[in-house]
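Asker: need a 3D model of the sequence below.
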Amino acid sequence: NSKGQVMLFDEFRKKWVVLTPEEWVRQNMVKFLAVHKGYPATLMSMEKKVEINGLSQRYDLLVRERNGRPLMIAEFKAPTVGIDQSVINQAIRYNNMLLAPYVLVSNGMNHYICQLDIEAGSYSFLNDIPPFEALL
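Answerer: Next up, the predicted model:
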C-alpha cells in the first residue's frame, strides 16, 4: 500500500504501479504473452505516448519485431468494460501512427486480435493470439 492505494511491482517496467483493474489485465496479459506465447519482454513497451491528430495519447502495450519495427499494439480495459467496436477503433486509431500489423484488445475476460491490411484499410480477426514467432 502507498497513500491508500494497492501497488504492485511491475517486473517488465521495473517499477511500482497502482493496481487498477486495467493494470491487472495488462500485467496478466503481458505475462501470458511472455510465458505462454514466447513474446520477448525486451521487445515489449508499456504506456508510452503517441501523437494522434495533435493530441498526446498512451498505448497500453507495443510489441516490436527484433529489428525494432512495431509488430502489435494492444489496448486493455478493466474486466467490467465490454469490448466493443469503439474499443477496437481506439486501438486502431493509436496504431495509425505506428502501423503495427496486429492489434490486440482485452478486458482480461475477452481477447480479440486482428491482423491489419494497412494498404486496403481493413482488418480480419484471428481465432487465437499467435505465438511471437508466428507473427514474424
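
Asker: buried sites along the lengthiest helix in the chain?
Answerer: Using DSSP state H, we find that the single longest helix of the chain is helix 21-37. By neighbour count on 16 or more other C-beta atoms under 10 Å, the buried set for helix 21-37 is 22, 23, 25, 26, 27, 29, 30, 33, 34. From N, CA and C alone the C-beta is placed, and that goes for glycine too.

Asker: give me the residue at the spatial middle of this protein.
Answerer: In the chain, the residue lying closest to the centroid (C-alpha atoms, centre = their mean) is residue 74, at 2.0 Å.

Asker: using the three-state scheme, assign residue 56.
Answerer: When classified by DSSP: H, G, I helix; E, B strand; the rest coil, residue 56 comes out as strand.

Asker: residues contacting it?
Answerer: Applying C-beta atoms under 8 Å, 6 or more residues apart in numbering to residue 56 gives the contacts 49, 50.

Asker: make it 6 Å
Answerer: Contacts here follow C-beta atoms under 6 Å, 6 or more residues apart in numbering; on that basis residue 56 touches residue 49.

Asker: with distance to residue 84 and pLDDT added, can I get the buried residues of helix 21-37 in CSV?
Answerer: As requested, the buried residues of helix 21-37 are exported to CSV (distance: C-beta to C-beta, whole Å; pLDDT from 0 to 100):
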residue, distance to residue 84, pLDDT
22, 16, 95
23, 21, 94
25, 16, 96
26, 19, 95
27, 23, 95
29, 18, 96
30, 23, 96
33, 23, 97
34, 28, 97
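
Asker: surely residue 33 meets residue 43?
Answerer: No: counting by C-beta atoms under 6 Å, residue 33 stays clear of residue 43, with 10.1 Å between them.
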